[in-house]
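Asks: model the structure of this input:
(6 chains)
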Protein chains: 6
Amino acid sequence: MTTPSTPFTRPQGRSAQSLRAVEIIRNYTIHAEGSVLISFGNTRVLCTASVEEKVPPHKKGSGEGWVTAEYGMLPRATHTRGAREAAKGKQTGRTQEIQRLIGRSLRSVFDLKLLGEHTIHLDCDVLQADGGTRTAAITGAYIAAHDAVTWLLKNKRISQSPIREAVAAISVGMLDGQALLDLEYVEDSACDTDMNVVMTASGHFVEVQGTAEGQAFSRQEMDTMLDLASAGIAKLIDLQTQALAS
Amino acid sequence: MTTPSTPFTRPQGRSAQSLRAVEIIRNYTIHAEGSVLISFGNTRVLCTASVEEKVPPHKKGSGEGWVTAEYGMLPRATHTRGAREAAKGKQTGRTQEIQRLIGRSLRSVFDLKLLGEHTIHLDCDVLQADGGTRTAAITGAYIAAHDAVTWLLKNKRISQSPIREAVAAISVGMLDGQALLDLEYVEDSACDTDMNVVMTASGHFVEVQGTAEGQAFSRQEMDTMLDLASAGIAKLIDLQTQALAS
Amino acid sequence: MTTPSTPFTRPQGRSAQSLRAVEIIRNYTIHAEGSVLISFGNTRVLCTASVEEKVPPHKKGSGEGWVTAEYGMLPRATHTRGAREAAKGKQTGRTQEIQRLIGRSLRSVFDLKLLGEHTIHLDCDVLQADGGTRTAAITGAYIAAHDAVTWLLKNKRISQSPIREAVAAISVGMLDGQALLDLEYVEDSACDTDMNVVMTASGHFVEVQGTAEGQAFSRQEMDTMLDLASAGIAKLIDLQTQALAS
Amino acid sequence: MTTPSTPFTRPQGRSAQSLRAVEIIRNYTIHAEGSVLISFGNTRVLCTASVEEKVPPHKKGSGEGWVTAEYGMLPRATHTRGAREAAKGKQTGRTQEIQRLIGRSLRSVFDLKLLGEHTIHLDCDVLQADGGTRTAAITGAYIAAHDAVTWLLKNKRISQSPIREAVAAISVGMLDGQALLDLEYVEDSACDTDMNVVMTASGHFVEVQGTAEGQAFSRQEMDTMLDLASAGIAKLIDLQTQALAS
Amino acid sequence: MTTPSTPFTRPQGRSAQSLRAVEIIRNYTIHAEGSVLISFGNTRVLCTASVEEKVPPHKKGSGEGWVTAEYGMLPRATHTRGAREAAKGKQTGRTQEIQRLIGRSLRSVFDLKLLGEHTIHLDCDVLQADGGTRTAAITGAYIAAHDAVTWLLKNKRISQSPIREAVAAISVGMLDGQALLDLEYVEDSACDTDMNVVMTASGHFVEVQGTAEGQAFSRQEMDTMLDLASAGIAKLIDLQTQALAS
Amino acid sequence: MTTPSTPFTRPQGRSAQSLRAVEIIRNYTIHAEGSVLISFGNTRVLCTASVEEKVPPHKKGSGEGWVTAEYGMLPRATHTRGAREAAKGKQTGRTQEIQRLIGRSLRSVFDLKLLGEHTIHLDCDVLQADGGTRTAAITGAYIAAHDAVTWLLKNKRISQSPIREAVAAISVGMLDGQALLDLEYVEDSACDTDMNVVMTASGHFVEVQGTAEGQAFSRQEMDTMLDLASAGIAKLIDLQTQALAS
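Replies: Numbers count the residues shown, from 1 in each chain, chains lettered A, B, ... in the order given. Below you'll find the predicted structure:
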C-alpha cells in the first residue's frame, strides 16, 4: 500500500500519540480476590484474580507459586456475534495465543518463590470489544493480581509481596505511513502493521509482537512504533498506580 | 429434615414474600441489538439479543423465524472459581439444561411466523452469581429480545411485533417449612425444595420445575409455592414494563 | 390453540386416565446386580444397576455412598434413526437432562449413609421408544436399584437397606383441553403441555417438570394434571411392589 | 505355553466342534426395517437395519447404494461395568475395528448397484456379552439386512434384491493344543490364538483375522482352525436360512 | 470379477514373488533410543522406540513391562493431501486399527517379565506412502525396538534381552487370479483380496488379516497367499538381521 | 539474572553471529507439489506444499487464493517423548501459535489475486528438534511454496507468479548479556530473551516476536538483536536462492 496524500484521521479527533480514555473500576465483582473492570475507550474487559492454595503439577513441592491466565470474549462483545467457544467445544488459536501472552506477561513481574505454593488465576473476559482487548487485559490483570496479593498479605498467607514492579501493555500500528498509539477496531483493521508491546515500570520490554498485515515494515518504522509504545505504557503505569492508590 | 422451632431468617431481614432488589440496565453494551444487564440482588447477568438474517436448518424455507439461547458463567462469578467451559471443551449438563430452558421460555411468547426468517440469539452470561441466575436470565432476556424486536421494526425487517406478551421467571423454595420467594445462594443450598417457575403476563405457566433436594414435598407445599411464584412474577412483569417504557 | 369440538381420541381406545400396559421383567441380563426390562406400552427400557466398591471424589472418605444414572437410546429405538451419541462424540443436552433427572429421583429415596461407600450406577438404555422413556426409566431403575440393594445385603456388604421408600414417575399432558395420563409418542407431539412427575410411595413429589409446548397452561390445568399423575404413580408403585414380590 | 497333559474342558460339556445354542428373533423392535435379536449362548446382540434414502458423499450421484455398520456395547453387558462411550466422548479403537469389520463383511455380499441410492445402516448393540459379539453381530446383521431388502422390494424402492448370497461369522481358537469352535468369554481369555472368520454361503472367505495372543501359531494350526470355522459357518448359514423362511 | 485373459503386469517389471527394494537406516534421528527409517519401495516410515521408566496402570507393580505403538501419516504422505488428525481432533478408525496391530505384533516377541517395569513406545510415522505402510512399520519397529533393548542392556537397566525372536510383516493379494507379494498402492487398490501377515523368525504366525475387497477368496487362494507371505517374511527377517549386524 | 564474569560458550565453538549449518533438500518426497527437507543444525523439518483447487469459505468467489500452514512435531523429535497430538485429540496452544505464524509469514509475500482460487497448504512437520523449529519451518516452507508455484505455472493453472519476494526467519536471544544468532535448544532454554524475526528479501520485517523469559530486555538489547537477525536472514535468503537455482 502506498502512502496516500491525506493521512488517516482518527475517530473523535484523537491525536496519533493519545491513548483512548482509560477507566479502571476495582472490586467490580464481589467474590474474587481481585476484580477489575478496565476500559480502553469502548473496549471493556473484566479481569478477576482468583487465589488457589495449590499449584500445577510442574510446581508441586518446589516451594514456588504460579500465575496463569485465561481469556474469553462474550459472543456479542463484537460487531457481529461470534460462536461461543464453550458450545463449539474448543478455544480458537487466537484465544490461546492471547491467554498465553497474558500469563507470560504477568509472570514476568512476579517472584514465584515469594508467592509460595499458591496459584493466581487471571480471568480476562471481554464484555465489549473495540480493538486492544489483549492490552487492556494485561493492564487490568496487573491491578487484579495486585489486589489478590494484597489479600494474600492481609490474610497472612505470604509475608512479602512477590510483585517486583508494574507491567502494562499497549498496541501501536502503522497506518498510511503514520504511527498510531492504542488502535481501536477500525484502525486495527486498516493498519499495515499491528504491534503489541508489554513493558515494565522500569521501561524494559517483556513482549514485543509486531505483525505486518499488509506491507512489511522498515527498521525505522519499528523504531518509531517502539518509541510511541514506550511513552503510552508509561502513562498506563501512572494510571495503574493512581487506581491502586485510591 | 424436621421443621425446627426457630425458622430460617433471611439475609438482610428480607420477608419470605419479597423479591431481592431488581436492577435493569438497557443498552449496557453497544454492539448488540438488545443488551440488558439485570440484577436480582447480587446476581448479575448480561443478556444480549443478536439478530441474524438466517434460520437453523429445521426452519429453512418455512417462512418462520427462531429464538434460541446460550448461557454461560464467568469462571469467577461464583464463590470459588469454576473451570472455564471453553477450556474444558464442553458445557456441563447444568449449562445445557439452563440454556434449553431459557430458549423454550422465550419462544413461548413469540409468534415465529411474524418473526419471519430471522434468528434471535439470546446470550445470557453471568457476571456474578448469588442464586437465581436462570430466572434473572429469562427475565432479562425478555427485555433484550424486546429491544431486538424494536430494532427489527425500526429497520423495517418486519412489519408487526412477533411478541405476544411478556414472560418472566422466579424461584421459590421450602426451607424449614416456610415458602420463600427468590432464593439467594445460601437459601438455595439450604432448601429442601427448589422450584423455578416461568409465567406470562396473562398469568399462565410456561415452565414449572420443582425439585426436592432434601425431603419430598406435599401437594399443599406445591400449591403454596405456586401462589408465591405467581405473585413474584407479576411484580417482575411490572418492572419489565417500566424498564421498557423508560 | 383453541379447544376443538371433537376431542382427541387416544390410540387403541385408551381412556384419558389409563396407563399403557406395563411389563416388568427382572433379571433380564445376567451380569448386573440388578437388571430390569420395563415396558410402558411400546416404550421399552433396559435398566441395570451396577454396584461399584468406590465413590466419586466428592464422597471419598465421607462414609456415604452415591447413586448415579446414565441414559442412552439405541440409534433405531425411534421412528427414524438418530445419530449414535458415541460416534458423534457427545451426549445431547436432552440426554444429559434426562440422566440427571433419573439420578436425582433415585437419590431422593436413598439414605446415602446406610449405603456406605458404594456407588450404584443405573444405566437406562432405551431399546424402543414411544413416548415416556424417562418415566419408564425411573420406574424401572427403582426396581433394578432395589435388586442391587438386595445383592448388597445378601453379600453382607451392608447390613440395613438404604432405601426409604419406592419412587416412580409418569407423564401427563393437556391435549385439546383434556388431561391425558402416560403420553405415547403421537400424543406427546400433539400436546400443548407435557409434564413429568416423580413421586414417592408416600405421595410426595420429588420432581415436577411441566413445559408448555404450545399454549401456556392455567393453574387449574396444572391442578388437574397433578391429580392425574398422582393417581397414575400410585398404580405404578403397586406394580413395582408386585414385581419385587414375585 | 506348552500343551498340558489334561486338555481344557468346555463349559457345559460342549464339544470342541459345537456351536453354542443359537437363537434368532426377527422383528424384535417395531420401528426398524429389519430388527433381529441374535444369541450365541449368553451373548445377545440386537441388530437393526435402517433404510435411508440418501448415500454418503463418496457415493452421491453414482447410482450405487451403501451399507455401513455401527457397533456398541451397553455399559453393563459385561462382567464389570464398562464406561459408556457416549459419556467419554469417543469410541474405543476396539469398537471402531469391529464396526468396520461388520460393514465390510456385509458389503461383501451386496451388489451396491442393485441397491440404488439407498443406505442401509446396521446397528449392532450388545445387550449381553459372553465372547463372540462381533461374530454374532455379523450373523444377525445379515438377517436384519435381508429384512430391510425385503422391505425395499415390497415398497417398490428397488426392483431386484441386491443380496448375492448369505454371509455369517464365527470365532475359533487354539487352547491347550486343541482347536475350539465359537469361543465363549472364559475360553477367549485363555486361548493362545483367537481367529474370527467371515464366510459366504458358497464357502468363500470374506475376512480371516487370526491373532496370537500367547504363543504364535503354526501353519498346521491355521489349517485346523480354518476347517473348523468353515464347518461352523455352514451351520450358521442353515440357521439364517431357517430364520428367514419362518 | 472374472479372471481376464491377460494378467496384471506389475510396475517396473517386478515378479509376483518379489519384494520391493527394502532400505533400512538405523539411528536416523538422534534423540530416540531406537530410530529407524525403513523403505519398502516408495513407502517410507520413520520408526522410533522410546524408553520410559514407568508402565501403564494395568502393569503397575506387576514387575512386567509394556510395549505399545502409535501410528501416524504426514498429511501429504499420500497422493492427495489428507486431513491432519491432530487438527481434526481425532484419529481415524484405520489409524487405531493399525497402531493396535503394530503393538500386538511387537508384544508377541517380547517377554514382558524380562523387560521389567519399562515401557517401549514405538512411533511409526509415514513420511511417504505407496502401499504396505503397516507392514513396513512392523518390520522397522522391530529393529527400533531391538536398538532400544540394546540401549537398556548397555545402560544396565535390564540384564537380559526380553526379545525372544524377530518379527516382520508383509502384504499379499490376489489380483486377476494371481497371488502377488508386497502390494504397492496401485496394486492394493486393484486387488480382490488384501492380506497382511505377521510372522516370527521361527515361521509361526502372529497375525493373519485377510480381507476380500472384491470377490471372496477360496481356501486354495488362502493357501497360496500364506505360502507367498511366509517366503517374503523369511527374506525380510534376513534383511533385519543384516541391518542389526551392521 | 546478573551477567556472569565468564560468558556462555556456544556448542561446537560457534560464534555468536553464526548460523548453524543449513541444509536444504528439494523434492524430498514424491507426491507433494513442493517438498523440502530443511535442517538448521540438528533441527530437521519436512515442509510440503500441497495445491488444492478450492479456497476456504471466506475467499469463495473472491477470485483470490489462500495460503495456510499446519505444524506438527513427531512424538520423539525431542529429547523426551511428547504426547502425540492426534492421540490426545487436540493441538497445543504452542502448535497453534506456530502454525498461525507460518501462515501469516508466507501470506505476506503472496499476491493472493495472482494465485487465483487455489489454496496452498504448507505442512511443516518436525522430524528432529533442537531449537528454532519455527524459523526453519518458515524458511523451508518458502522454498516448498515456490516449487508449488512453479508447478502451477508449468501446469498452466496460473499465468504469473504470485510470489512478490522471498521470506525467511531466524531466532536471536540474549544470554549472559550477549546476543546470539540462531539459538539451539540448550541456548534457548538458558536465554533471558528469545526473539523470532521474519523478514523479506528487501529487508523489511514481517513479524518480530520477542519474549523475555527471564529478565526483561532494554531498548538497546532489542536493537542489537534486530541487527543480528537482519544479517542472519540475509544469509538465509541467499541460501534459499541457491537452493531454488540448483
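Asks: got a pLDDT number for the residue in chain A positioned nearest to chain C?
Replies: Using CB to the nearest CB, residue A:89 is the residue of chain A that sits closest to chain C, at 7.6 Å. Heads up, the C-betas are built off the backbone N, CA and C, glycines and all. On pLDDT, residue A:89 comes in at 91.
Asks: around chain C, pick out the residues from chain A.
Replies: Residues of chain A lying near chain C by CB under 8 Å from any CB of the partner chain: residue A:89.
Asks: for chain A, which helix extends over the most residues?
Replies: The residue-count maximum for a helix in chain A (DSSP state H) belongs to helix A:219-245.
Asks: would you check that the residue of chain A closest to chain C makes contact with residue B:90?
Replies: Yes: counting by CB atoms under 8 Å, residue A:89 sits close enough to residue B:90 to count as a contact (5.7 Å).
Asks: tell me how many other residues surround the residue lying closest to the residue of chain A closest to chain C once chain neighbours are set aside.
Replies: Leaving aside its sequence neighbours, residue A:89 sits nearest to residue B:89 (CB to CB, 6 or more residues apart in numbering or on different chains; 4.9 Å). Using other CB atoms under 10 Å in any protein chain shown, the number of residues around residue B:89 comes to 18.
Asks: residue B:89 contacts residue A:90, doesn't it?
Replies: Yes: counting by CB under 8 Å, residue A:90 is a contact partner of residue B:89 at 5.6 Å.
Asks: which neighbours do the two share?
Replies: Counting by CB atoms under 8 Å, 6 or more residues apart in numbering or on different chains, the shared contacts of residue B:89 and residue A:90 are residue F:90.
Asks: find the nearest non-adjacent residue to the residue nearest the centre of chain A, please.
Replies: For chain A, the residue nearest the mean C-alpha position is residue A:138 (2.2 Å; CA atoms, centre = their mean). Nearest residue to residue A:138 in three dimensions, chain neighbours excluded: residue A:169, at 3.9 Å (CB to CB, 6+ apart).
Asks: check residue A:93 too.
Replies: In space, residue A:93 is closest to residue F:96, 3.6 Å off (CB to CB, 6+ apart).
Asks: buried residues, the helix or strand of chain A with the lowest mean pLDDT. List them.
Replies: One helix or strand of chain A scores below all others by mean pLDDT, DSSP states H and E: helix A:185-190, with a mean of 92. Neighbour-count burial for helix A:185-190, counted by 16 or more other CB atoms under 10 Å in any protein chain shown, picks out A:185, A:187, A:188, A:190.
Asks: residues in contact with the last one?
Replies: Under the criterion of CB under 8 Å, 6+ apart, the contact list for residue A:190 reads A:8, A:175.
Asks: now it: how far from chain D?
Replies: 41 Å (CB to the nearest CB, to the nearest Å).
Asks: again, but for the first one
Replies: Using CB to the nearest CB, one obtains 37 Å as the distance from residue A:185 to chain D.
Asks: next one, pLDDT for the nearest residue to residue A:219 once chain neighbours are set aside please.
Replies: Nearest residue to residue A:219, sequence neighbours excluded (CB to CB, 6+ apart): residue F:226, at 6.8 Å. pLDDT recorded at residue F:226 is 97.
Asks: give the contact list for residue A:225.
Replies: A:172, A:173, A:174, A:179, A:193, A:195, A:197, A:210, A:217.
Asks: contacts only, for the first one.
Replies: Applying CB under 8 Å, 6+ apart, one finds that residue A:172 lies in contact with A:179, A:180, A:181, A:182, A:183, A:195, A:197, A:225, A:226, A:228, A:229, A:232.
Asks: the last one: how many residues sit nearby?
Replies: By the measure other CB under 10 Å, the count of residues near residue A:232 is 23.
Asks: so it makes contact with residue A:183?
Replies: No: counting by CB under 8 Å, residue A:183 is not a contact partner of residue A:232; they are 11.0 Å apart.
Asks: ok, which stretches of chain A are strands?
Replies: For chain A, applying DSSP state E gives strands covering A:22-26, A:34-40, A:43-52, A:66-73, A:119-128, A:167-175, A:178-181, A:193-200, A:205-212.
Asks: so of the ones you listed, which one's packed in deepest?
Replies: strand A:167-175 (a mean of 27; mean count of other CB atoms under 10 Å in any protein chain shown).
Asks: okay, that strand in PDB with CA atoms only?
Replies: Only the C-alpha atoms of strand A:167-175 are listed here, as PDB (Å, rounded to 0.1, in the frame of the first residue of the first chain):
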ATOM      1  CA  VAL A 167       3.500  -4.200  33.900                       C
ATOM      2  CA  ALA A 168       1.200  -2.800  31.300                       C
ATOM      3  CA  ALA A 169       0.600  -3.200  27.500                       C
ATOM      4  CA  ILE A 170      -0.400  -1.100  24.600                       C
ATOM      5  CA  SER A 171      -0.800  -1.500  20.800                       C
ATOM      6  CA  VAL A 172       0.700   0.600  18.100                       C
ATOM      7  CA  GLY A 173       0.300   0.500  14.400                       C
ATOM      8  CA  MET A 174       1.400   2.000  11.100                       C
ATOM      9  CA  LEU A 175      -1.400   3.400   9.000                       C
END
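Asks: within its sheet, name the partner strands of that strand and how each one runs.
Replies: strand A:178-181 (antiparallel), strand A:193-200 (antiparallel) (DSSP bridges).
Asks: return the residues in contact with whichever residue of chain A sits closest to chain D.
Replies: Of all residues in chain A, the one sitting closest to chain D is residue A:89 (9.3 Å; CB to the nearest CB). Counting by CB under 8 Å, 6+ apart, residue A:89 makes contact with B:89, B:90, C:90.
Asks: just residue A:55 next, same as before
Replies: Residue A:55 neighbours (CB under 8 Å, 6+ apart): A:62, A:64, A:65, A:66, A:117, A:118, A:119.
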